[in-house]
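Participant: I would like the atomic coordinates for the input below:
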Amino acid sequence: MTFVTTMPEGQVRFIGLSEVAGALGLLLPALTRIKPVLTAWAGVGLSTVMVLAIGYHVTHGEAAHVAPPLVLLALSAFVAWGRFKAAPILPRG
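Facilitator: Below is the predicted model of the structure:
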C-alpha cells in the first residue's frame, strides 16, 4: 500500500494503533461482559476508519486497494448492528 510512503510516520502509526484498539474493542468487552455495549461502539469506530480508508484509496487512484477495507467495513458494520440490535450481550451481573 502506497499510503505508508506518502503519509507522515506518526499518522501511519496512529492509523495502525486505531485499528488495533478497534479490534481489541470488538473482542474484550464481549468476552469479559464488562460494558459489552462498547463492542458495538468499537464496530462503529472501525467502520468509520474503513470508510475513511476507502475514501483515501479512491481519491488517490488506488481502486485496486479498496477491497480489503470494504470487507472490513462490512464485517465491522455487521458486528455493530448485531450488538446494538440483533443480539446484544448482557453485562455481567
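Participant: Please make it C-alpha for all contacts and neighbour counts, starting now.
Facilitator: Will do.
Participant: Which parts of this structure are helices?
Facilitator: In the chain, the segments counted as helices under DSSP state H are 3-6, 9-32, 37-59, 67-81.
Participant: Mean pLDDT and distance to Arg92 for these - can I get that in a markdown table?
Facilitator: Rendered in a markdown table, the data for these read as follows (pLDDT from 0 to 100; distance: least, Cα to Cα, whole Å):
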| stretch | mean pLDDT | distance to Arg92 |
| --- | --- | --- |
| helix 3-6 | 87 | 41 |
| helix 9-32 | 95 | 8 |
| helix 37-59 | 96 | 12 |
| helix 67-81 | 97 | 20 |
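Participant: Of the ones you listed, which stretch is the most buried?
Facilitator: helix 37-59 (a mean of 20; mean count of other Cα atoms under 10 Å).
Participant: Can I get that one in PDB, CA atoms only?
Facilitator: Written as PDB, here are the backbone C-alpha positions of helix 37-59 (Å, rounded to 0.1, in the frame of the first residue of the first chain):
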ATOM      1  CA  VAL A  37     -22.100  -2.200  24.600                       C
ATOM      2  CA  LEU A  38     -18.500  -1.000  23.900                       C
ATOM      3  CA  THR A  39     -18.300  -3.900  21.400                       C
ATOM      4  CA  ALA A  40     -21.000  -2.200  19.200                       C
ATOM      5  CA  TRP A  41     -19.300   1.200  19.500                       C
ATOM      6  CA  ALA A  42     -16.000  -0.400  18.500                       C
ATOM      7  CA  GLY A  43     -17.700  -1.700  15.400                       C
ATOM      8  CA  VAL A  44     -18.900   1.800  14.600                       C
ATOM      9  CA  GLY A  45     -15.400   3.200  15.100                       C
ATOM     10  CA  LEU A  46     -13.800   0.600  12.900                       C
ATOM     11  CA  SER A  47     -16.500   1.200  10.300                       C
ATOM     12  CA  THR A  48     -15.600   4.900  10.300                       C
ATOM     13  CA  VAL A  49     -11.900   4.100   9.900                       C
ATOM     14  CA  MET A  50     -12.700   1.800   6.900                       C
ATOM     15  CA  VAL A  51     -14.900   4.400   5.300                       C
ATOM     16  CA  LEU A  52     -12.000   6.900   5.500                       C
ATOM     17  CA  ALA A  53      -9.600   4.300   4.100                       C
ATOM     18  CA  ILE A  54     -11.900   3.600   1.200                       C
ATOM     19  CA  GLY A  55     -12.100   7.300   0.600                       C
ATOM     20  CA  TYR A  56      -8.400   7.700   0.700                       C
ATOM     21  CA  HIS A  57      -7.700   4.900  -1.800                       C
ATOM     22  CA  VAL A  58     -10.400   6.100  -4.200                       C
ATOM     23  CA  THR A  59      -9.200   9.700  -4.200                       C
END
